[in-house]
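Visitor: Task: produce atomic coordinates for the following.
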Amino acid sequence: ACGSRRPQPRRADDMRASLARHLALAPRVGLGVARRRFRGAVRAFAAPAPAPADASPRGGGAPWDASKITWDVRVLYDGDCPLCVREVDFLRRKDAARGKLDLVDIASARYDPSANRGIEFATAMSTIHGIEPNGDVITGVEVFERAYAAVGLGWVYAFAKVPALLAAANKAYDFWAERRMEVTGRGSLAEVLELRRRRMEAEEAGGAAACSLDNRDACDETFD
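Guide: Numbering: from 1, shown residues only. Below you'll find the model as predicted:
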């Protein structure tokens, strides 16, 4: 009776649901090895991974006016990735229209790098990116940590406060991010970039409604 309090049922359910979603994000190949070597991985990945070239604290793009921002974090997500969309839908429900999150679909034809600290589509596709109200650009697991904290679930990613654990988690996430398109049947990043280029050209020419990852032949049509 005097021990630490047990988690409330809803909190436990949230934790189980979150763990299930994140396990689904990782390819099954190598999971057994990853589990057996987890402790060694923490030590091996204790040194922080280098940040992408354009993920500098202030980024680029149009001038940033923090005075007009009401959200806690902007999340740039891949709307053509089913597992990514599932995670974003979960966060959107938890946000419950409070405006704590600003969710931006980089797969949309309306995605504008200049409005998002100069983060180009190809760069955004390499790993998940986030933007803080002051204009700082964050990537990887840190984006999830900020997003979950914004909707009152910061405890899920409390481990990210430990540098060694954060580094290990980022290595695992990067492994998944590099392979997510093949895992979800979308081909390579190069193919996705080429299809987007052709779709954008088709839209500018007056067509493009049919040009998509599921209808690649339509991307070859010429529109008047």
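Visitor: where are the low-confidence patches of this protein?
Guide: Low-confidence segments of the chain, defined by pLDDT under 70, span residues 1-62, 207-224.
Visitor: all strands for it, in order.
Guide: If you assign secondary structure with DSSP state E, the strands in the chain sit at 73-77, 101-105, 129-131, 137-139.
Visitor: and the first one with strand 101-105, angle?
Guide: If I follow you right, that is strand 73-77. Counting by axes from the mean of the first three to the mean of the last three CA atoms, to 10 degrees, strand 73-77 points 20 degrees away from the direction of strand 101-105.
Visitor: Give me the contact list for strand 73-77.
Guide: Strand 73-77 is contacted by residues 84-85, 87-88, 91, 100-106, 116, 119, 124, 128-133, 138, 143, 146-147, 150 when judged by CB atoms under 8 Å, 6 or more residues apart in numbering. Glycine gets a C-beta too; all of them are placed from N, C-alpha and C.
Visitor: what are the pairing partners of that strand, and which direction each?
Guide: strand 101-105 (parallel), strand 129-131 (antiparallel) (DSSP bridges).
Visitor: and residue 127, what is it in contact with?
Guide: By CB under 8 Å, 6+ apart, residue 127 lies in contact with 52, 139, 140, 173, 174, 177.
Visitor: Check residue 121 too.
Guide: Residues near residue 121 by CB under 8 Å, 6+ apart: 106, 111, 113, 193, 196.
Visitor: Please apply the same query to residue 187.
Guide: Residues counted as contacts of residue 187 (CB under 8 Å, 6+ apart) are residue 181.
Visitor: separation between it and residue 197?
Guide: 14 Å (CB to CB, to the nearest Å).
Visitor: just the helices in the chain please.
Guide: Taking DSSP state H as the criterion, the chain carries its helices at 9-25, 31-36, 38-44, 82-95, 121-126, 141-150, 163-183, 189-204.
Visitor: still on that earlier bit, out of the contacts of residue 121, which are buried?
Guide: Buried members of the contacts of residue 121, counted by 16 or more other CB atoms under 10 Å: 106, 111, 113, 196.
Visitor: and these as CSV, adding distance to residue 70?
Guide: As requested, the buried ones among the contacts of residue 121 are exported to CSV (distance: CB to CB, whole Å):
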residue, distance to residue 70
106, 21
111, 21
113, 22
196, 30
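Visitor: which of those residues lies closest to residue 161?
Guide: Within the buried ones among the contacts of residue 121, distances to residue 161 taken as CB to CB reach their minimum at residue 106, with 27.7 Å.
Visitor: Thank you, goodbye.
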